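*Asks:* sequence first, predicted model second:
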Amino acid sequence: MTDPARDHVGLMDTFASRRYFRKFEGIMQHMLRVAGVMEAESKLNRDEVEILTRYAVMLTHTFKALSLKYLLVGRETGRFFGSLSIDNRDSGFPVAEELMTMANDAQQAAKHLENMPSVATLKNEMVQMILGDRQVPTKLQFALSQRLYYEELIKGDLFWVQNDPQADWTGNLSEGRRTFRLHWATYDSQVNLPVIYLLELEDSGKVGLPKDERRWPEVQAHLSAQALGGLKLVTIARGFDQDFDDLHPKRLRRFHVGPMYSHAFTRQAGPLRDVLADAKAPEGQDWALVWTEEELVSDRVIEEKSGWFSTVEREVFALDPFGGKGADLGATRQERSIILPQRPYQVLEEQDPPGFAAVRKFVVSGSGQVLRY
């Protein structure tokens, strides 16, 4: 067993920390454009794009909050406040503990703001120190960054370690059978990556699922507890199918956002590391983001006895027998994509490492346009 903490590094340098956040700000914007391309290709519908976009925006807000928290890292502020810890081997993302700490800060943000000078007051004091005392107002800059950090937490709409399930009604199949799309997300603490889930189900209960005061809290708790990256989709779906007789999971998808590879910040092994090293791309273009989608669909329905006189529906899920590892994967299919700038893409094509032929490639141009290869 290895200690995951050994792969966690702190960004102690001010400029390195700011470059890191600028890089992720750009990557999140590119993700939104990629979702648009996938919609145009009919890989995702409009509702699915809106859901994924919502989580991408939440991630963007989380990175903005962290960037404010660590804005003065490496500077003498008069108070030690640590540095951003990132997983530089498995993910390239901040470690899950950063989000846990941020969640705790959010609970107390209002109290902190009550006792802090206003933004206008801090800026005025900074000007007076610069002009009157001819000093760099580092401590005041730090106080302002912390105030802006807490204000960002107060705004909410952040991506947390656990983002509870939500349900959207998608139609009625009959008078007593409704369809819903559920979505939720987690920040997998084992690999420090955001993971997004989409579940399409049919509801044969008497009351619509989101309005059912008994079933809906149970469903939310069940799905949140099962949102573990190490669990196969078929395990999650079968457990849900067994636990809820009047809820019928038809399609379950899981999106792994990352890892993020960067020649400047990460040390992952594999072909992408060599590609980024050889590309010698300028600042802001030395990265690649992997995106993996798993999908499990119901193949047919069977009936099982329940008690003495009744039966219940059970789903039989399709595991691709021609996918090479469909049964081991625990899903109907798996598809990998990669988002990267033009120069790393050119090197990737020249080197043509094994295993990348089937990977969908989204290439970002200098103007921000996304092309699919």
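*Replies:* It's in. Residues are numbered from 1 along each chain as shown.

*Asks:* which residues of the stretch 51-200 of the chain fall in helices?
*Replies:* Taking DSSP state H, counting those that start in this stretch, the helices of the stretch 51-200 of the chain run over residues 96-107, 109-114, 119-128, 138-155.

*Asks:* can you point out the buried residues in the third one?
*Replies:* Think helix 119-128. 122, 125-126 (16 or more other C-beta atoms under 10 Å). (C-beta placed from N, C-alpha, C; glycine too.)

*Asks:* got the domain ranges for this protein?
*Replies:* 4-155, 162-372 (automatic domain parsing).

*Asks:* can you put the buried residues of helix 119-128 in CSV and add distance to residue 224?
*Replies:* Supplementary listing: the buried residues of helix 119-128 in CSV, determined by distance: C-beta to C-beta, whole Å:
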residue, distance to residue 224
122, 39
125, 45
126, 44
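
*Asks:* gap between the two ends of stretch 198-210?
*Replies:* 16 Å (C-alpha to C-alpha, to the nearest Å).

*Asks:* surely residue 316 is in contact with residue 302?
*Replies:* Yes - if you go by C-beta atoms under 8 Å, residue 316 and residue 302 touch, sitting 6.0 Å apart.

*Asks:* next, the distance between the ends of stretch 366-373.
*Replies:* Chord length of stretch 366-373, first to last residue, is 17 Å (C-alpha to C-alpha).

*Asks:* how far does that stretch sit from its chain's centre?
*Replies:* When C-alpha coordinates are averaged (C-alpha atoms, centre = their mean, to the nearest Å), stretch 366-373 and its chain have centres 22 Å apart.

*Asks:* go ahead and list the helix or strand containing residue 334.
*Replies:* Per DSSP states H and E, residue 334 falls inside strand 333-341.

*Asks:* just the buried residues of that strand, please?
*Replies:* Applying a neighbour-count criterion of 16+ other C-beta under 10 Å, one finds 334, 337-341 buried in strand 333-341.

*Asks:* max-length strand in this structure?
*Replies:* The residue-count maximum for a strand in the chain (DSSP state E) belongs to strand 287-306.

*Asks:* and that strand, C-alpha only, in PDB?
*Replies:* Output for strand 287-306, consisting of C-alpha atoms alone and laid out as PDB, is shown next (Å, rounded to 0.1, in the frame of the first residue of the first chain):
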ATOM      1  CA  TRP A 287      -1.800  20.800 -20.600                       C
ATOM      2  CA  ALA A 288      -4.200  18.000 -21.400                       C
ATOM      3  CA  LEU A 289      -7.400  17.000 -19.700                       C
ATOM      4  CA  VAL A 290      -8.800  13.500 -19.900                       C
ATOM      5  CA  TRP A 291     -12.600  12.900 -19.800                       C
ATOM      6  CA  THR A 292     -14.000   9.400 -19.400                       C
ATOM      7  CA  GLU A 293     -17.700   8.500 -19.800                       C
ATOM      8  CA  GLU A 294     -19.100   5.100 -18.600                       C
ATOM      9  CA  GLU A 295     -22.600   4.000 -19.500                       C
ATOM     10  CA  LEU A 296     -24.800   1.200 -18.300                       C
ATOM     11  CA  VAL A 297     -28.200   0.600 -20.000                       C
ATOM     12  CA  SER A 298     -31.000  -1.800 -19.200                       C
ATOM     13  CA  ASP A 299     -31.300  -4.600 -21.700                       C
ATOM     14  CA  ARG A 300     -34.700  -6.100 -20.600                       C
ATOM     15  CA  VAL A 301     -37.000  -6.500 -17.700                       C
ATOM     16  CA  ILE A 302     -37.900  -9.700 -15.800                       C
ATOM     17  CA  GLU A 303     -40.400 -10.200 -13.000                       C
ATOM     18  CA  GLU A 304     -39.600 -11.600  -9.600                       C
ATOM     19  CA  LYS A 305     -42.000 -12.800  -6.900                       C
ATOM     20  CA  SER A 306     -42.400 -10.500  -4.000                       C
END
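
*Asks:* in the next helix or strand after it, what counts as buried?
*Replies:* Per DSSP H and E, strand 287-306 leads on to strand 310-318 as the next helix or strand towards the C-terminus. Of the residues in strand 310-318, 312-315, 317-318 count as buried by neighbour count, 16+ other C-beta under 10 Å.

*Asks:* stretch 27-34 now?
*Replies:* Along stretch 27-34, the positions that meet the burial threshold by neighbour count (16+ other C-beta under 10 Å) are 27-28, 30-31, 34.

*Asks:* please apply the same query to stretch 289-305.
*Replies:* Within stretch 289-305, the residues scored as buried using 16+ other C-beta under 10 Å are 289-298.

*Asks:* tell me how far it is from the chain's mean position?
*Replies:* When distances are taken as C-alpha atoms, centre = their mean, stretch 289-305 is centred 21 Å away from the chain's centroid.

*Asks:* on contacts alone, who are the packing partners of the longest helix along the chain?
*Replies:* Using DSSP state H to define each element, the chain has its longest helix at helix 14-40. Other elements packing on helix 14-40 under the criterion 3 or more C-beta pairs under 8 Å, 6 or more residues apart in numbering; DSSP states H and E are helix 46-69, strand 84-87, strand 247-262, strand 287-306, strand 333-341, strand 360-364, strand 370-372.
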